[in-house]
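Undergrad: please find the sequence and the predicted model below.
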Amino acid sequence: MKIKLHVKSKAALIFIIIGIILISAVGYATYSLNYRQAAKQYTDLALSSARMAASIVTEDGGKIDGYIKDGKNGSYEDIYQKLQTLKISYNLEYLYIIRPDTDKNDGVYIFDVYTGENNPDLIAEIGEETGEMDVYDIVLKTYLTGNSTDSAIITNTEYGYLASAYAPVYAPDGSITAVAGADISMNIVLGDVKTQTVQILIVLLAIIALSLFCILIIIRRQILNPIVRLSSHMETFAGDDGDFKEFPVPNTGDELQTVSESFNRMVGDLRLYMENLTAVTADRERIATELNVAKKIQSGMLPCIFPPFPERTEFDLYASMQPAKEVGGDFYDFFLVDENTLAVVIADVSGKGVPAALFMVIAKTLIKNNAQSGKNPKEVFEAVNNILCENNDAGMFVTAILGYLDIPAGRFDFINAGHNPPLLCTGGQYNWLKMKSGFILAGMEHTVYKQHEVILNPGDRLFLYTDGVTEAVDPSQKLFGETRLINTVNGYIDLPLREFTEAVKSEIDKFARDAEQADDITMLTLRYKGEKQKEKK
């Protein structure tokens, strides 16, 4: 569940986060600075202690070899006491004199000074080996070069967290005979650094908290409270009576005043928009009602009862039309010209919607009236074409096929005025009915059309369709196409006419998937059965 925070809560949260970030950053910077200062201070103290210890041993004449060979004597004890005094005076954790072994990573202790604060187990006797040392490289470098300047370091080993330094011990001849090491515990130092950091952070926290609180109070009064009032007003600015209330503009002279003025302009625009929307909605509802009536009228003009001539057993018919919009420009028709002649028509008017539907009504009426007046298909199209060309300022046109079936003889005389070529099924296979297509209707006056003829045998079928079939597209804008159409109709060749037409339409829908239908889809199938069968008594 998503938590909804008000702008005031968000502002407070942002200030808290800023405060935490500031305190963390200052605390880290303070701790780092104090630590570096303490580290420098105590490594310098350790280096001074190491040099003083080396000086004490050097003043004795550098008798390191004699101590290693003969052991402790009075001179050794005197030096030990001085080193012990130095260790106590400077609060050193460890103080020792060692001679490194240049051949391996260890050496031997000459002095390892003990005080009461030490763990006796960590104090070595004279001549005792040091074992492997974590700081051996620095000790050896000091022993070989005599340079103690770079020998101050901070280590964290089994002996503790220490600031350590090393200085060379010289023999009377000026050679380096040993190395003095001094260690100071950093634990106390770190405690002091942490305490100072916490004290600074407490003071800083109080200052930052007070500053942020004052800033937040100012922001709440000057910015957040007006925004909250504007937000509350926006939630309820539309009254129960439908009136839109304006917001009192604060005279702040900033963006908040600009937003308030813009909001009031929006309220005025919205009020005007709602008034216009009411009028537009009423117009749309009226248009939708009129289109629905037009759709019913258009559907009523197309034959929709199948079988259309149940008493005629010589042929069978089925047709369907699916408009792309409420009304379309496609149409089909069939009617008996006389007792022995069946006329079939399929046509596609240019364009879509209401203009195409109006032109479709005119074209359909003209074709049927001229056909029933006794004219052949050629004469019908030539007459209709001339009438449609008159006053055709919109430049609309019609592609159409008109055919007459001589029922007893099976002869099909037809005209193609720029329409898609029909498919003829004979011998159990659909193929294109090849012919030269004529010019469109309403394209040019006095066009002469050529009439074609084909003989249908009992069982043959004619499939007529509009370009909405072959030009149906899928979501990638790929066309259904003529190849897919002929494969489809041959796949359902044995179905009854209604099921056959529905199967073809289903394949088109399956191909198009969710793509919007771009054009009207109209199909008409005629099956010729042959001689009229006698009724059984």
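TA: All right, it came through fine.

Undergrad: identify the residue spatially nearest to residue 187, adjacent ones excluded.
TA: residue 161 (5.7 Å; C-beta to C-beta, 6 or more residues apart in numbering). Yep, even glycine has a C-beta here, placed from its N, CA and C like the rest.

Undergrad: by contact count, what packs against the lengthiest helix in the chain?
TA: What stands out as the longest helix in the chain, according to DSSP state H, is helix 7-59. When contacts are defined as 3 or more C-beta pairs under 8 Å, 6 or more residues apart in numbering; DSSP states H and E, helix 7-59 packs onto helix 74-89, strand 94-101, strand 153-157, strand 160-170, strand 176-185, helix 187-219, helix 225-235.

Undergrad: show me how far the helix or strand following that helix is from its chain's centre.
TA: Downstream of helix 7-59, the next assigned helix or strand under DSSP states H and E is helix 64-70. For helix 64-70, the separation from the chain centroid amounts to 81 Å (computed by C-alpha atoms, centre = their mean, to the nearest Å).

Undergrad: restrict helix 64-70 to CA atoms and write it as PDB.
TA: The C-alpha coordinates for helix 64-70 follow below in PDB (Å, rounded to 0.1, in the frame of the first residue of the first chain):
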ATOM      1  CA  ILE A  64      76.000  -3.200  22.300                       C
ATOM      2  CA  ASP A  65      78.300  -6.000  21.300                       C
ATOM      3  CA  GLY A  66      79.600  -6.400  24.800                       C
ATOM      4  CA  TYR A  67      76.000  -6.600  26.300                       C
ATOM      5  CA  ILE A  68      75.100  -9.300  23.700                       C
ATOM      6  CA  LYS A  69      78.300 -11.200  24.500                       C
ATOM      7  CA  ASP A  70      78.700 -10.800  28.300                       C
END
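
Undergrad: can you list contacts of it?
TA: Helix 64-70 is contacted from outside by 57, 73, 76, 97, 99, 108, 110, 126-127, 169, 171, 177-178, using C-beta atoms under 8 Å, 6 or more residues apart in numbering.

Undergrad: at 7 Å what do you get?
TA: With C-beta atoms under 7 Å, 6 or more residues apart in numbering as the test, helix 64-70 has contacts from 76, 99, 108, 110, 126-127, 177-178.

Undergrad: any idea which of those residues is the one closest to residue 84?
TA: residue 76 (12.4 Å; C-beta to C-beta).

Undergrad: show me what contacts residue 404?
TA: 337, 341, 343, 377, 413.

Undergrad: out of these, which are buried?
TA: Neighbour counting by 16 or more other C-beta atoms under 10 Å classes 337, 341, 343, 377, 413 among these as buried.

Undergrad: now those residues in JSON lines, with distance to residue 183, pLDDT and secondary structure?
TA: As requested, the buried ones among the contacts of residue 404 are arranged in JSON lines below (distance: C-beta to C-beta, whole Å; pLDDT from 0 to 100; DSSP: H, G, I helix; E, B strand; the rest coil):
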{"residue": "337", "distance to residue 183": "124", "pLDDT": "96", "secondary structure": "strand"}
{"residue": "341", "distance to residue 183": "125", "pLDDT": "97", "secondary structure": "strand"}
{"residue": "343", "distance to residue 183": "119", "pLDDT": "97", "secondary structure": "strand"}
{"residue": "377", "distance to residue 183": "119", "pLDDT": "96", "secondary structure": "helix"}
{"residue": "413", "distance to residue 183": "121", "pLDDT": "96", "secondary structure": "strand"}
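
Undergrad: which one of those residues is nearest residue 402?
TA: Using C-beta to C-beta, these come closest to residue 402 at residue 377, 4.8 Å.

Undergrad: that closest one touches residue 451, doesn't it?
TA: Yes. Assessed by C-beta atoms under 7 Å, residue 377 is found in contact with residue 451 at 5.6 Å.

Undergrad: for those two, list the residues in contact with both.
TA: With C-beta under 7 Å, 6+ apart, residue 377 and residue 451 have common neighbours 413, 415.

Undergrad: and residue 333, which helix or strand is it part of?
TA: strand 330-338.

Undergrad: centre of the chain to that strand, how far?
TA: 55 Å.

Undergrad: quick one on the thing from earlier: rebuild the helices and strands packed on helix 7-59 as JSON lines, extending it with mean neighbour count.
TA: Output for the helices and strands packed on helix 7-59, formatted as JSON lines (neighbours: other C-beta atoms under 10 Å):
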{"stretch": "helix 74-89", "mean neighbour count": "15"}
{"stretch": "strand 94-101", "mean neighbour count": "23"}
{"stretch": "strand 153-157", "mean neighbour count": "14"}
{"stretch": "strand 160-170", "mean neighbour count": "23"}
{"stretch": "strand 176-185", "mean neighbour count": "25"}
{"stretch": "helix 187-219", "mean neighbour count": "14"}
{"stretch": "helix 225-235", "mean neighbour count": "14"}
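
Undergrad: rebuild the ones you listed as a markdown table, extending it with distance to residue 258 and mean pLDDT.
TA: As requested, the helices and strands packed on helix 7-59 are exported to a markdown table (distance: least, C-beta to C-beta, whole Å; pLDDT from 0 to 100):
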| stretch | distance to residue 258 | mean pLDDT |
| --- | --- | --- |
| helix 74-89 | 74 | 89 |
| strand 94-101 | 73 | 88 |
| strand 153-157 | 60 | 77 |
| strand 160-170 | 61 | 87 |
| strand 176-185 | 65 | 89 |
| helix 187-219 | 18 | 76 |
| helix 225-235 | 12 | 66 |
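
Undergrad: select, out of the ones you listed, the one closest to residue 33.
TA: helix 187-219 (9.3 Å).

Undergrad: what angle sits between that closest one and helix 7-59?
TA: 160 degrees (axes from the mean of the first three to the mean of the last three C-alpha atoms, to 10 degrees).

Undergrad: distance from helix 187-219 to the middle of the chain?
TA: 43 Å.

Undergrad: from now on call the first residue 30
TA: Fine by me, first position is 30 from now on; the one you just mentioned is helix 216-248.

Undergrad: output the contacting helices and strands for that helix.
TA: The helices and strands touching helix 216-248, judged by 3 or more C-beta pairs under 7 Å, 6 or more residues apart in numbering; DSSP states H and E, are helix 36-88.

Undergrad: the helix it packs on - what's its average pLDDT?
TA: Regarding helix 36-88, the rounded mean pLDDT is 80.

Undergrad: no further questions, thank you.
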